[in-house]
Every structure is written in C-alpha cells, then in structure tokens.
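A.B. asks: structure for this input, please:
(2 chains)
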Protein chains: 2
Amino acid sequence: MYRSHTCGELNIADINKEVTLSGWVQTVRKFGSITFVDLRDRYGITQLLFGERLNEQLDQTPLGREFVLQVNGVVAERSNKNKNIATGEIELDVHSFKVLNKSAVPPFTIQDETDGGDDLRMKYRYLDLRRNPVKRNIELRYAVSRSVRNYMHENNFMDIETPFLIKSTPEGARDFVVPSRMNEGQFYALPQSPQTFKQLLMISGYDRYYQIVKCFRDEDLRADRQPEFTQIDCEMSFVEQEDILQMFEGLVRRVFKDVKQIDYSEIIERISWEEAMWQYGNDKPDIRFGMKIANLKFPQHSFPTKKEQSEIFDGVDFKVFKEAETVVAITVPDAAEYSRKQIDELTEWVKRPQIGMMGLVNIKYNKDGSLRSSIDKFFSEEKLKAMAAVAGAKAGDLILILAGKEERTRKAMSELRLEMGKRLGFRKDNEYKLLWVLDFPLFEYAEEENRWVARHHPFTSPKPDDIATMINNNPKIEHPEKYLEHPYANIKANAYDMVLNGNEIGGGSIRIFQKELQQKMFAALGMSDEEAKEKFGFLLGAFEFGAPPHGGLAFGFDRLCALLGGSESIRDFIAFPKNNSGRDVMIDAPSAIDQKQLDELQLSIN
Amino acid sequence: MYRSHTCGELNIADINKEVTLSGWVQTVRKFGSITFVDLRDRYGITQLLFGERLNEQLDQTPLGREFVLQVNGVVAERSNKNKNIATGEIELDVHSFKVLNKSAVPPFTIQDETDGGDDLRMKYRYLDLRRNPVKRNIELRYAVSRSVRNYMHENNFMDIETPFLIKSTPEGARDFVVPSRMNEGQFYALPQSPQTFKQLLMISGYDRYYQIVKCFRDEDLRADRQPEFTQIDCEMSFVEQEDILQMFEGLVRRVFKDVKQIDYSEIIERISWEEAMWQYGNDKPDIRFGMKIANLKFPQHSFPTKKEQSEIFDGVDFKVFKEAETVVAITVPDAAEYSRKQIDELTEWVKRPQIGMMGLVNIKYNKDGSLRSSIDKFFSEEKLKAMAAVAGAKAGDLILILAGKEERTRKAMSELRLEMGKRLGFRKDNEYKLLWVLDFPLFEYAEEENRWVARHHPFTSPKPDDIATMINNNPKIEHPEKYLEHPYANIKANAYDMVLNGNEIGGGSIRIFQKELQQKMFAALGMSDEEAKEKFGFLLGAFEFGAPPHGGLAFGFDRLCALLGGSESIRDFIAFPKNNSGRDVMIDAPSAIDQKQLDELQLSIN
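C.D. replies: Purely as a prediction, here's the structure:
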C-alpha cells in the first residue's frame, strides 16, 4: 500500500494518526537540523517535517524537486498555521521515507507562474500538466462534461457512439482520410461531425441523442484551431426551433450552475442574424455592453428589411461619405474629452492592415452641448447634431465614424466597437451574457462558381414559410450581377447559434426530413443527382422510410470550457493539444512510417 | 408542438385528457368503419382509435406501416385491456391527424422477429435499429456507460480525453494511419489504445484517469472483430495489483447491479495463468461449470511448477499415449450411457479441422462400477480405474481422453470441454461467473526471430520478485532450442485479466515506471536504443522527471455489453458496425477519394 491518505485531506481532526502519503516534492526547506518538505499530489499539499533523527538519511538521499516520495509518520498540529490550504493546520512528523523515483531538474518550474516558454511547455506537456493553472483547466473540462452528461441523461438523451471510420464527402471543410488496407485504393474519412449519423438515429426512432465526441478537420490552422476537437453533439425528434432553444438554454444554465456556481436566471436574449449584423456588424455579438452601431447612410444591399437610403447627408458635399457604400458610427460614452493624441492613436488603429480602413472621423459632443468634429468644414452643427441623434449620443460622448465598402466597413466597426469595449472595461471576465442568433440566410453566394453554397450545411431546413420558395424556384443564377434578386437570396434558414460573450459556442438547425426537399437542396448546391446519390444515397434512402421532423445542435466543447475558464485559448483546455502546424511536439507526430506500412496500403509518396 | 406526451406514458390516470402524440405506425387494423392503429416511438406503443368520423379522411390518406403520424385526441379507457404494456389500459380517441412523412414498404418487417437477412439489415441499419431487440441492446450499452461513469466519478477518476491523431509505433497490431497534408510525407496513426497517454497523465499527477474511448486496429477481421472498437480505459497511480483488482471488482459489481439488477456479492475467484492453462487448457476459462482437465501424462514443458512425468502409463504398451507429448481427460458427469452413435459423433467433432485431433478415447465408468473403454485391449481394469481416479470420475460418468502435441491437445480439450458444457446446459445465459487470471508470463518466445515478445505490451512490469532477474540477465537467446531454460522464460508479468463466462472482458497491468527497466524491456524486445528513443523517447523522457508507480486496465466495452445482453456478438451492440471486410455497407465506406484529395496529400495509389 503506497498511501493511506492523499496529500489534500489531512486536517486537525487527524492529529496523532499514523499515516502514509505518496506524492511529489514541491519544495525542500532546510533549517539547521530539521527539514520541511511540501509534498504534492492531485488533491493538495501536505507539509512534511523531517526531524533530527532523519538528518543523516536525508544527507545520504538528498531530495530534489519533483522526486516521488513515500513517507510514513504521525499527523501533528503546526505551530505556524497556513489558513489558505485545507491541510494548513497540520504537518506530518515523518518517521520513515522512501524515494519511489528520482527526478532530473525540470526544464521549467512547476509553479503557477512558470519560467517556461510556450514551446518548452508543449514539448514537456506532461510537466506543464502538473502546474495548478493547467490542472484546474483539465478539472474544469471534466466538470463541464459531467454536468452536460447529467443534464442530458435527466432529459432522456442517450449517449450513442457513431463511427469514426466513415466516408469522405468533401463538401465544407477538408477531410482527414484513412487508407484502407483491406479495400485497395479506398479510404475512410474521419468525421467532421456525426451529422448524418445522428440524423439516421432520429430516423431510427432514438428520439434524443447526444455524444461528447471528437471531430476532425484538415484545415490550415489559424491560431487556436485544432485538427481534432470535441463537440457536444445533440439531436432531437418531433421538435421545432423553440423546443431546441429551450432545451439547450437549460443545458447551459445547468453548466453555469454546476461548474461556476452561477445562477444564470435572466432571459437569454434572441436576435435575428440581420439585426446582429446591423447593430453589431457581427453575427456573434458581445452584448455585455451596448455601443451599438448606427447606420448614418443605409446599406446598398444585404438587409431586406432596412430602408434603402437615409437623408442625413442630403445637401452635404463631403465626398468621403457621399461616395461610400456605408457610413457607420458608434458612440463612446463619456469620451468627448479624448485628446488629439488619443484620437490619432485610434485612427492609426483602424488603419492597421488587419482593420484596413482609410481613416476615422470623430464628433465630440462636448459636455456644454456644443459639437466639434474632424469634418467641421463640411457639416453644420445642425447636421452634426442630427448624426449624434442617430448615433444615440449625449453630451460628453465621442462619436466614431467609419466609411467605405459596406462589408469591410461594418467588419471594421465591429472590431473597433470590441476594442473600445475592452479598453473601457465593458468586457468583464466574470460577466457572462448569452445570446441566440436566429434566422440566418440559408444560402451564401459563391461568386467564383456562380452558385449557392449552404451557409450552415446541406441538411439545414429553410424556415417553414420559405420552403415553397425553395421548391418552386430554379436555383440557377441567370444574372450573376443581380444574384441578390434571386428568390434564394432571401430564404432564411431554420438555424440558430448560441453566442457567449462574443464567441459562438454552439449552433444547429432544424433539419430537412423530406426526400424531395433534400434533393432540391443538393441540386441548389450544384450537385448532380448522381453525385448526391453517391455521396448521400444512404440518407436519401433513409428519408423514404418514415423520417420524423428533427433538429439539433452542437456545442464546441473546447471553446465552451475555455470561456468558462476565463480564457480565449482552447489549447489550454486540451490535455495534449497540437501546435499551429498540427504537430504534437511532445510525441513528435506526425512522422514518417515504414516502407512496409506504405506497401501494405499500396501507397507511395510523390 | 409535435407532441404533448410520448407513446409510452399515457395510462388510466390520463383519461379524458386531450393530448397530441407523434410516432410511427406499427400496425393498422380496420374493423368495418373503425380503425385501430398502434403508434410507436422510442418510449412505447399507444393504441389509436380512428372512429367513423375520420373514415373518409383515412380512405383518402391511407396509412401504411412506418408512416410518421401526428394525432390529436382524447385518452379513453380501453374495453379490451392489454396488461403487457404500460399503456395497455387506454387508447387514444383520435380527433384529427396529420401524416408527417410517408414510408415506402420496408425491405424487412420492423418486428422482434424479422424476415430480413444479415446483409439486408446491415444495409438498412437505420431500419434494423428500430426493432426492439436492437434498440434494447443500444439502451443497454448506454446504461452500462452511465453506470461506469457514475462509479468512476464516485471514485475520483477523471475523464480526460487523449488525442486520436498520434504516432505510428508498429509493435503489436497494425496501425491505421492518417496522411498529414501539412507535414509532407508524414502520417499520424489512430490509437490502438491510449496506453502511453494515460501513463503520461499519471506522470503528470492526475492520479486516477478513465475514458470510454474509441480505439483502432487494422487487423484481418475475424468474425466479430471490428476495426474500431470501444474501451473503458483506466489508470491509477500509487497502486499495487491488489488495489486495482479491488477497484475494478467494484466497478463490475456496480454495473451488474445498475444494469442487470444482479447483486454479484460472491467472492471473485482468482487463478494463476498456469493453473488456468493446466485445469482448463485456456487462459480465459468458463468457470460456470467444472469438468476440469486432468493430465494423465504430465507435460514436457511450459508449467514450471508441475511434475515432469506421471507413472500412470508405466508398463502399458499403447503407442498413441506413449508417444504423445500430452494425454488429457475430462469427465462428463452421468454420461456413461452414451450410445455408440453419440460417441462416434463426438469423435467426428474432435476430428474436424477446427479442432484437429486424430481421435477420441473414452472410458465408461458404468453405474455398476465396471469400466469399459475403447482401449480395453491395452489397459487393465485397474489401469482404467487409476485413470478414472485421476480424472475425478465416479460411477455413471464418461471420461473423454485426447492425446497428441501438448499445445494443440490442450486447446482441443478446452474446446471439447466448452462444447460438452454447452450441450449439457452447464453454460447458462442468465448465470454470470467472474474470474481474475493472474501471473501471466511476461514474455513469449518468437521462434522466427529468435527473440522475446511482450505477451501483454512493452509497458507491463515484471512481478516485483522478477525485476532483478530481468535486469541482471542478458535477454539474448543463445540456444534457441533451449529457450525455455533462459531466465526470461520464467519471468511473470504483474498483469491481470478479468474473465466473464469464458470471455476476457478486461485486462491490464502494473506498469514499468523506471527508465532503466523500460529501456531493458525495449532491448529485450529487440529494439535498438535508437529505435526505442525514436518511438518512445517522450515516455523515456517523462520517466526522468518523477514517474510514480502506476497501473491500470482496460475493459472491452463492446464485449462487456454483448455479454451482459446475453449475446456473443459485439456487432449487435454497436449502432453502426462494420462487416467482416471492415466495410460500412450502409454508407458504402471505405470508398475512392478524389484525385484532388490525393494530390493535396502528395500520395499516389500503386
């Protein structure tokens, strides 16, 4: 028996007990003839006292950091109590000890703040995982998974495993493929998601399915993307959008409660995709703060419910605004007194290549009610006031204005809004704001191929009201320049995203469950009947045998954990992540394989 | 809203309630102007009554099997009650209905006993999954997983995900590999198990880890093997064998309790590998019945603790036994009166190529105490009696004897024993007998390469008493013909298998945690230092920084579920299994991929 207790459980009630502990040496402090050692394990730290009697033995077997130690002794009350840790009132008076394993000096310190750089910590990930902040992340991840499983179970969802060796269907992202030795020249693909399988399970009558499951995408890795990632994947039968929104609001509330002890009892707001883009320039707005975008000149296109043109610039001869597709503003509260230097810095900020604007216009709505602007010579105070009114500014505020091509400008303003929110402390780490974004467009226009692509995926249903539009129109785009006038441009998807603090944490849709509509969808995406049958014949076939109405969603598990852990980086919440080149630098994978393996697979490398 | 209730929940307490149900049409029975429909969903079946008023509408929209139907109506008491189902006392008086989706006639009947063959059911797996027996298997699988997760959680195990894209180390079984597009000419491998990662987690101090996780092996598929399968994978730190045995006895007892409502309170027997092979001819004995194997002539080798030679055949001139390496017997209780025909049939049975014996000798220990044998002319009644005594036979029993090469004969006798056990009804479906098999040999001898191979895997530790033997001897086998005299031949592994009713359901070991011993192990397996470093450098590296003593095991989740479900076939317990060629015939995978995909991966097919 290596231990009778863990290093986290002994306390004042255990005094005089003889116990055995095992763990790692965190620190060694020698004071004359006695030595204190902090012994660490997963559960905590216990102070060990090596008295005079053991001095000689300690000299012969000097203890170093990260040595694995087994000690036997008696629990004693500490004279110098540490109220910060559970075991802080006691120490172990060591009677005997044994070094179970030695340790070389670690390449970085195993402490909350470490001196190890990113590369070093990735290479020695097994040591980085010993550090408390990393351990807390892994523990939080487990707590989230546990909470999710409990909620799903209580709501009659069944965890059903779907296969990993499936079929390559190179829509969407790129598949990882797996050569089959037994079926020459053929390949499996690793799933990008269990999408079609979970739909088949609904057709099989399983009613409520979930899985916490690895998915794979062979994409060029941007920062904070992983080739393998984890989804909480869910599907339900006999549901409409509202059923799904309520079920998964419940899930997220439960996770907040279980994992963060937060009672998220407020109503979860809902916003249409159009409003999100209009008010925040972004389909995953951070609503912890306002500073909504005001449109000083209405957009040329994209938003069917908005008016075509505002009159605010009538009679003003300011070319920049006049010629711009879009002019948008945000109001920064209580910032009218920004200095010239501060304004210049913001101007440089929007001119950076990542943002890409030509300049920044500002209007200062001074506390005294006067208005001053960088474009005073073109705008009367009356006009400035009108703009301030549209932007919702009050005396003391600063109005920031961007103008240019609609899409880029809206995006830039969204970035500027987030940046200002951050600078002003409106994006608090310990504040959580959930939001549903609804009513996405079903299709996007792919200019190069002059065809429609699915914004979400080819299994998402149009809104019930738009089904007829989809069925009764030819998806072909006869006039590319007027694609926005095609009836398909306005079809809305029966889809929804859940957004937390400006990050998409989940998304899903009500699925198509009628064969004809699914075929129409495949055709709309430019797939021939033959192709559709080859790739998705099994699903079209399944739709013939009584497919129920169904829908679902998937949460990005890594991202959800990261946000709950107060981090933007998913890598910190994965036990063994890959780097930005998709490499595991610890085990050194991927790597070359034997010629024998290639031969068996009948493959050669070009 | 598609439904207010499921098809499994309405009962006598709901009478007069107006409800909405959705589900599948199981049966349609027309009686004059009224029609009964059984509506099915995951939760049960509810009888629907379509009265006269709906007759015309039903004629216009005839319902067929597997149609998806939504009905609204009022719950009524049935005149003709069915006590076998939860909803059997009520029916729904339908007021309105809507066909949500039609169904073609299924290729086989969706009933407990179906007319569909195996191939058809695999192709239409989504329909097969609708059948009750299959659904019950999937539900049982979920119940096992739920039970396991709860037990593990209560015992402080953390579910930690390990990566799927790892490194190929072609020891043991063949890896599935995944070409890396971003790292030209390099490949990931899919894990055969998370073995090294769970060991790293122990080195990281995570103490108790588990995962229910997919694993992959590219093996030629025998019946009932799957290229992807699921393990309950576990690891613990600061443990000895006894700690692990107790922890996982607890797990299995819990699963029996939760899933089968069986209180498995009896002691779980333990047997050494040597005794298992000696008494049952098999390292995973079915101990639901006795009929142990008696060794009439002791073995030439393999069992160090057994005597070299018996005297029972001294002075008997029966060449078959005299020249045989091994002569083994089992006693079939109360079978002395088997007819000539029955004995002949058994003789044919052992002569089948799968068993491969030359013949079967029998001794009938008649009820009157006399003995008759097929080898009477060589054996005196006294000798027959002596053999009967060794075989533990009593009057009325039949002794069956096989002779030949030791390994094959022992294997054949094991098969014969199982066959007789089955025929005699000793292997009851509803009886469960667990067994630990311990003390496996650490190494096996690989004749072709004249070297040692790891019986379990290269991370399994020798028994504490055998560590010195391993360290202090050169693994090289100087005299291949006398390999059994090499000190390594007798080293026992610190390993254990859990056996249920003659099936290995789990196995594991205490691991090596010292760098030097691990290096010695790699060397013993014929790996050069360079090779060991290339393949397992990360693990050897990790052993330098304070690796704790640790060990674990893995259960075959598919097999465990199958056995608990009373089946020998794991395929029945996997939602979407592959066939014996590793194909998913439903989705038709694996399949050819686009040339573009091959080009991106810089691969060509030979």
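
A.B. asks: OK, now which residue of the stretch 301-450 of chain A is nearest to chain B?
C.D. replies: Nearest residue of the stretch 301-450 of chain A to chain B, counting by CB to the nearest CB: A:Glu449, 14.8 Å away. All C-beta spots, glycine's among them, are computed from the backbone N, C-alpha and C.

A.B. asks: now that residue, what's its secondary structure?
C.D. replies: coil (DSSP: H, G, I helix; E, B strand; the rest coil).

A.B. asks: ok, and the closest non-adjacent residue to it?
C.D. replies: Leaving aside its chain neighbours, A:Glu449 sits nearest to A:Gly526 (6.9 Å; criterion: CB to CB, 6 or more residues apart in numbering or on different chains).

A.B. asks: isn't that neighbour right up against A:Glu448?
C.D. replies: No. Under the criterion of CB atoms under 8 Å, A:Gly526 makes no contact with A:Glu448, lying 11.8 Å away.

A.B. asks: contact partners for the residue nearest to A:Glu449?
C.D. replies: Each residue near A:Gly526 by CB atoms under 8 Å, 6 or more residues apart in numbering or on different chains is listed here: A:449, A:451-452.

A.B. asks: do the longest strand along chain A and chain B meet?
C.D. replies: Among the segments of chain A that qualify as a strand by DSSP state E, the longest is strand A:18-31. Yes. Using CB under 8 Å from any CB of the partner chain, strand A:18-31 reaches chain B at A:22, A:24.

A.B. asks: tally of neighbours for the residue of the stretch 301-450 of chain A closest to chain B?
C.D. replies: 10 (other CB atoms under 10 Å in any protein chain shown).

A.B. asks: same check on the one 5 residues further on?
C.D. replies: Using other CB under 10 Å, A:Ala454 has 18 other residues around it.

A.B. asks: hmm, A:Phe313 is touching A:Phe321, no?
C.D. replies: Yes. Taking contacts as CB under 8 Å, A:Phe313 lies within contact range of A:Phe321: 5.5 Å.

A.B. asks: what do the two both touch?
C.D. replies: With CB under 8 Å, 6+ apart as the test, A:Phe313 and A:Phe321 both reach A:296-297, A:327.

A.B. asks: that older thread, from chain B, how far off is the residue nearest to A:Glu449?
C.D. replies: The gap separating A:Gly526 from chain B is 15 Å, by CB to the nearest CB, to the nearest Å.

A.B. asks: for the stretch 451-600 of chain A, which residues are neighbours of chain B?
C.D. replies: A:513-514, A:537-538, A:541-549, A:574-576, A:578, A:581-584, A:586-594, A:596-597, A:600.

A.B. asks: next step: those restricted to helices.
C.D. replies: Those of those mapping onto helices are A:537-538, A:541-542, A:596-597, A:600, per DSSP state H.

A.B. asks: which residue packs closest to A:Met358, ignoring adjacent ones?
C.D. replies: A:Gly404 (6.7 Å).

A.B. asks: so the one you found touches A:Thr326, yeah?
C.D. replies: Yes. If you go by CB under 8 Å, A:Gly404 and A:Thr326 touch, sitting 6.8 Å apart.

A.B. asks: check which helix or strand covers the residue nearest to A:Glu449.
C.D. replies: Using DSSP states H and E, A:Gly526 sits in no helix or strand.

A.B. asks: check the secondary structure at A:Trp278 for me.
C.D. replies: helix.

A.B. asks: next up, the contacts around it.
C.D. replies: So A:Trp278 contacts A:293, A:295, A:303, A:306 (CB under 8 Å, 6+ apart).

A.B. asks: filter those residues down to the buried ones, PyMOL style.
C.D. replies: To isolate the buried members of these in PyMOL, using 16 or more other CB atoms under 10 Å in any protein chain shown:
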select buried, chain A and resi 293+295+303
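
A.B. asks: of the contacts of A:Trp278, just say which sits nearest to B:Lys260.
C.D. replies: Using CB to CB, A:Phe303 comes nearest to B:Lys260 of these, at 59.8 Å.

A.B. asks: could you report the pLDDT at that closest one?
C.D. replies: Note for A:Phe303: predicted pLDDT of 77.

A.B. asks: low-confidence stretches in chain A?
C.D. replies: A:170-171, A:299-302, A:307-309 (pLDDT under 70).

A.B. asks: per-domain residue ranges of it.
C.D. replies: Per automatic domain parsing, the structural domains of chain A span A:12-101, A:289-427, A:441-492+A:514-543.

A.B. asks: I'd say A:Ala388 and A:Asn366 touch.
C.D. replies: No. Judged on CB under 8 Å, A:Ala388 makes no contact with A:Asn366 at a distance of 10.9 Å.

A.B. asks: and those two? Which one has more around it.
C.D. replies: A:Ala388 (22 against 15).

A.B. asks: surely the more buried one forms part of a helix?
C.D. replies: Yes. A:Ala388: assigned to a helix according to three-state DSSP.

A.B. asks: that's a helix at A:Trp452, yeah?
C.D. replies: No. Counting by three-state DSSP, A:Trp452 is not found in a helix; it is strand.

A.B. asks: which non-adjacent residue is nearest it?
C.D. replies: A:Trp452 sits nearest to A:Phe443 (CB to CB, 6+ apart), 4.1 Å away.

A.B. asks: neighbours of that neighbour, how many?
C.D. replies: Neighbour count of A:Phe443, defined by other CB under 10 Å: 26.

A.B. asks: residues touching it, list them.
C.D. replies: Counting by CB under 8 Å, 6+ apart, A:Phe443 touches A:452-455, A:488-489, A:491, A:524.

A.B. asks: relative to B:Ile574, how far out is it?
C.D. replies: 37 Å (CB to CB, to the nearest Å).

A.B. asks: now swap in A:Lys515 and tell me
C.D. replies: Taking CB to CB as the measure, A:Lys515 and B:Ile574 are separated by 27 Å.

A.B. asks: of the two, which one has the most company?
C.D. replies: B:Ile574 (24 against 19).
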